[in-house]
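Engineer: Need coordinates for the below:
(chains A, B and C)
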Amino acid sequence: MKWLKTILFIKTSGKGFYNFTDAINAQLSQWEIEEGMAFLFVQHTSASLVINENYAPSAQTDMENFLAHIAPEGESWYAHTLEGPDDTPAHLRTLITNISLEIPVDNGILSLGTWQGVYLAEHRDSAHQRRVLLRVLSTTP
Amino acid sequence: MKWLKTILFIKTSGKGFYNFTDAINAQLSQWEIEEGMAFLFVQHTSASLVINENYAPSAQTDMENFLAHIAPEGESWYAHTLEGPDDTPAHLRTLITNISLEIPVDNGILSLGTWQGVYLAEHRDSAHQRRVLLRVLSTTP
Amino acid sequence: MKWLKTILFIKTSGKGFYNFTDAINAQLSQWEIEEGMAFLFVQHTSASLVINENYAPSAQTDMENFLAHIAPEGESWYAHTLEGPDDTPAHLRTLITNISLEIPVDNGILSLGTWQGVYLAEHRDSAHQRRVLLRVLSTTP
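Structural biologist: The predicted model follows:
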């Protein structure tokens, strides 16, 4: 078994879901991984990881609006407001989505379902460069 | 270390939580795994994975009703409605639960707590056959 | 590659987030792990795992209040009430946070972002001793 690792940098320009499935598969291909497990870990508290619908833009819109409904800006009971109105909602949206994910690798690519894409969910308004740690356990001898 | 893999197929008949703990343990037993880590990955965007209360049916009812309250059908702001009223809520319920889970294996079975069961959460009304990838890292020599 | 395991016991005294990042790093140090992956698994249905903001206490307050808003006590539709008013909300808060987490290890410690801490989220009112399984795949030869 082999252990491979890198950091994927994902540029964001405000709230939204950024599909980086291709970047992961490109790295797997460069490493010539055949089979194993890919581990993703986002090093932030206001951005998170999501695997969901990759096809219909309207489904993605609904997911973004859902997060805005469930963790809106400006709740009267927010105590943490010094870093801007989008800061506490960003932590809350991170809380209910994912910091870490693991995805099987088969035949050299992520074993995703037909409609699945891997997304960096940016929860803040301003542009960021986000860090996602990619670790792969290659299980072919 | 050894790497083992299969696909578990789970038949569903409408919304609900389907306990498949025994199916995982049966596979571990067939593989004669003693110790290691089990990785689960669901290849869908309208079904997800949940580990929760396995005993009281009323607790399970509350979890199902909670998902119906938090991501109800028919919100006026849903944009993605062509695939039926249960489609966007299914993506949203998937979003806040799990696509991937990992569970330690000890003494040949999943190291769950007393009250924990592993569930496939079906979020759509119609019957489906759901695919859960099971990967196991066996750590005994 | 090597496989190491232990159980971390975390004492709680009512609802809240308990930072146990240092306990994990201390164990990694004792095991002399250099690089690999740490896997956490909580064996409960009314406590969960969270990685989030480790600095501002007000951010943590907002996260705790968010869980209280999203899964409050005393909803009229709760069916599972025999174990106390905090029981069903505890299952629901567990449902939308994490049972399992995996975190890369580099240079002998968890590869967390600057503002990330690892928390046991206690969702019940009374004091508990919670069990978190720690498994580490050490990838240095």
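Engineer: how close does residue A:109 sit to residue A:35?
Structural biologist: From residue A:109 across to residue A:35, the span is 10 Å (C-beta to C-beta, to the nearest Å). Bear in mind the C-beta positions are built from the backbone N, C-alpha and C, glycine included.
Engineer: actually residue A:67, sorry about that
Structural biologist: Using C-beta to C-beta, one obtains 34 Å as the distance from residue A:67 to residue A:35.
Engineer: out of the two, which sits in the more crowded spot?
Structural biologist: Neighbour count, other C-beta atoms under 10 Å in any protein chain shown: between residue A:67 and residue A:35, residue A:67 has more, with 26 against 17.
Engineer: all helices for chain A, in order.
Structural biologist: Along chain A, counting by DSSP state H, helices occupy A:21-31, A:57-70, A:87-96.
Engineer: nearest to residue A:43, of those helices?
Structural biologist: helix A:87-96 (11.7 Å; C-beta to C-beta).
Engineer: helices and strands around that closest one, which ones?
Structural biologist: strand A:47-53, helix A:57-70, strand C:47-53, helix C:57-70 (3 or more C-beta pairs under 8 Å, 6 or more residues apart in numbering or on different chains; DSSP states H and E).
Engineer: Now tell me what touches the first one from outside.
Structural biologist: Under the contact criterion C-beta atoms under 8 Å, 6 or more residues apart in numbering or on different chains, strand A:47-53 has outside partners A:12, A:17, A:40, A:42, A:59-60, A:63, A:90, A:93-94, A:97-101, A:103, A:112, A:115-124, A:128, A:130, A:132, B:45, B:91, B:94-95, B:99-100.
Engineer: Out of those, list just those in strands.
Structural biologist: Residues from the contacts of strand A:47-53 lying in strands, with DSSP state E as the criterion: A:12, A:17, A:40, A:42, A:100-101, A:103, A:116-122, A:128, A:130, A:132, B:100.
Engineer: So which of those reach chain C?
Structural biologist: A:42, A:100 (C-beta under 8 Å from any C-beta of the partner chain).
Engineer: Return the nearest residue of chain A with respect to chain C.
Structural biologist: Residue nearest to chain C within chain A (C-beta to the nearest C-beta): residue A:43, separated by 3.2 Å.
Engineer: what's the nearest residue to that residue once chain neighbours are set aside sitting at in phi/psi?
Structural biologist: Spatial nearest neighbour of residue A:43, excluding adjacent residues (C-beta to C-beta, 6 or more residues apart in numbering or on different chains): residue C:113 at 3.2 Å. Backbone torsions of residue C:113, given as degrees, to the nearest 10, read phi -70, psi 170.
Engineer: right, and residue C:113 touches residue A:7 too?
Structural biologist: No. Here residue C:113 does not reach residue A:7: they are 11.4 Å apart, not a contact under C-beta atoms under 8 Å.
Engineer: Could you tell me which residues of chain A lie near chain B?
Structural biologist: Residues of chain A lying close to chain B (C-beta under 8 Å from any C-beta) are A:1, A:35-37, A:50-53, A:56, A:58-59, A:61-63, A:65-66, A:69-70, A:96-98, A:101-104, A:106, A:111-116, A:137, A:139.
Engineer: Counting neighbours, which of the residues you listed end up buried?
Structural biologist: A:35-37, A:50-53, A:56, A:58-59, A:61-63, A:65-66, A:70, A:96-98, A:101-104, A:111-113, A:115-116, A:137, A:139 (16 or more other C-beta atoms under 10 Å in any protein chain shown).
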